[in-house]
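**Q** Give me coordinates for this.
(chains A and B)
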Amino acid sequence: EAGVTQFPSHSVIEKGQTVTLRCDPISGHDNLYWYRRVMGKEIKFLLHFVKESKQDESGMPNNRFLAERTGGTYSTLKVQPAELEDSGVYFCASSASGLAGHEQFFGPGTRLTVL
Amino acid sequence: SQKIEQNSEALNIQEGKTATLTCNYTNYSPAYLQWYRQDPGRGPVFLLLIRENEKEKRKERLKVTFDTTLKQSLFHITASQPADSATYLCALPDSSYKLIFGSGTRLLVRP
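**A** Numbering: from 1, shown residues only, chains lettered A, B, ... in the order given. The predicted model follows:
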């Protein structure tokens, strides 16, 4: 069974450019999460989808970040325009519904560098 | 808001010994607590979940305790092996499924 996949694995962009990160969750998982780890800090929650609906987006830093999950399958996270402080590793995770949903399966992450 | 404290210093032990990692939280006691393992360049991998009404949980060489009075969880790896070297993360739910992570403790097991 395929795990959570993320694309690209690395992205280097200039300040002011746009970047779109993609996450493919485990098939059948209704819950999808985005997290971010900036240098030297802990992993922090960005948002949570249940199917195609945003359940909780309290961790999104500002309106330069836009997440979508059309059709309740894969998700994209767009940063526009990117700023230096957006650099970090962006993780996607998915989980099943109900009590089984407490275990979150993480992807390998996308390392974003904004120059 | 909830804060999690994990020892930021790396834990360096000899193969075969027991590794003990600590996770302290500051606010309300969560319904459950989780431990994850993270290797360089990879995402966290779920290891164990312990609920607030459970004092101890075991899985193979892993043991987790949860003391809601002390607001602390201990994570033990018995008979440690070099392959156990990694960063171990403690995580608590904030609301629903949203997780708050500690900064992690790096474990190095020497052969």
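
**Q** Right, and chain A sits closest to which residue of chain B?
**A** Here chain B gets closest to chain A at one residue, residue B:43, 3.2 Å apart by CB to the nearest CB. Yep, even glycine has a C-beta here, placed from its N, CA and C like the rest.

**Q** give me the beta-bridge partners of the closest residue to that residue other than its chain neighbours?
**A** Spatial nearest neighbour of residue B:43, chain neighbours left out: residue A:106 (3.2 Å); criterion: CB to CB, 6 or more residues apart in numbering or on different chains. Applying DSSP bridges to residue A:106 gives these bridge partners: residue A:93.

**Q** Give me the pLDDT for the residue of chain B closest to chain A.
**A** Listed pLDDT for residue B:43 reads 96.

**Q** show me the contacts for the closest residue to residue A:33 other than its chain neighbours.
**A** Nearest non-adjacent residue to residue A:33, counting by CB to CB, 6+ apart: residue A:93, 4.5 Å away. Applying CB atoms under 8 Å, 6 or more residues apart in numbering or on different chains to residue A:93 gives the contacts A:4, A:32-33, A:35, A:104-107, B:43.

**Q** Residue B:10 too?
**A** B:105-108 are the contacts of residue B:10 under CB under 8 Å, 6+ apart.

**Q** For residue A:73, give its distance to residue A:38.
**A** 28 Å (CB to CB, to the nearest Å).

**Q** beta partners for the residue lying closest to residue B:39 once chain neighbours are set aside?
**A** In this structure, residue B:39 finds its nearest non-sequential neighbour in residue B:86, 5.1 Å apart by CB to CB, 6+ apart. Counting by DSSP bridges, residue B:86 is bridged to residue B:107.

**Q** tell me the SS of residue A:89?
**A** strand (DSSP: H, G, I helix; E, B strand; the rest coil).

**Q** Residue A:90 and residue A:33 touch, don't they?
**A** No. Residue A:90 lies out of contact with residue A:33 (CB atoms under 8 Å); the separation is 11.1 Å.

**Q** what's the overlap in contacts for those two?
**A** residue A:46.

**Q** out of those two, which sits in the busier spot?
**A** Neighbours of residue A:90 and residue A:33, each counted by other CB atoms under 10 Å in any protein chain shown, are more numerous for residue A:33; the result is 27 against 23.

**Q** For residue A:70, give me the pLDDT.
**A** 86.

**Q** burial of it, as a residue count?
**A** 9.
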